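In: Structure, please.
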Amino acid sequence: MSKAHRGKGIRGNPNHGRGVCPVCKREGVKILYEQEVDGAKAVICKTCKAKLKNAKSA
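Out: The predicted model follows:
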């Protein structure tokens with residue numbers, strides 16, 4: 001199974017995929033998941049992606 005959001009797959013990203021999440025404002029987290037937030041594409045962290053997914057289904 002592919003592990004696209006781990007080690008080797010994120011080495012090419014700036015700062016190895018780490019930064020500040022635009023949704024929760026946490027620093028030093030992996031921001032690898034592309035999601036539409038407020039009508040614009042943004043790259044967010046794993047926990048925010050899960051929150052948005054669960055909010056849509058509820």
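In: State the pLDDT value of Lys30.
Out: According to the prediction, Lys30 has pLDDT 94.
In: burial of it, as a residue count?
Out: Residues near Lys30, counting by other C-beta atoms under 10 Å, number 18. C-beta: built from backbone N, CA, C; applies to glycine.
In: Help me confirm that it comes into contact with Gly9.
Out: No. Contact criterion C-beta atoms under 8 Å: Lys30 and Gly9 do not qualify, at 11.0 Å.
In: end to end, how far does stretch 2-10 reach?
Out: 13 Å (C-alpha to C-alpha, to the nearest Å).
In: actually stretch 36-47, not the one I wrote
Out: End to end - C-alpha to C-alpha - stretch 36-47 spans 15 Å.
In: Next, the buried residues of that stretch.
Out: By neighbour count with 16 or more other C-beta atoms under 10 Å, stretch 36-47 contains the buried residues 43-45.
In: and what of stretch 46-58?
Out: 48-49.
In: ok, Glu27 touching Val20?
Out: Yes. Glu27 lies in contact with Val20 (C-beta under 8 Å); the separation is 5.1 Å.
In: Mind checking which of the two has more residues around it?
Out: Set Glu27 next to Val20 and count neighbours by other C-beta under 10 Å: Val20 wins out with 12 against 8.
In: Now do the same contact list for that one.
Out: 26-27, 29, 31 (C-beta atoms under 8 Å, 6 or more residues apart in numbering).
In: Pairing partners for the longest strand seen in the chain, with directions?
Out: When the chain is parsed with DSSP state E, its longest strand is strand 29-37. The strands beside strand 29-37 in its sheet (DSSP bridges) come out as strand 18-19 (antiparallel), strand 40-45 (antiparallel).
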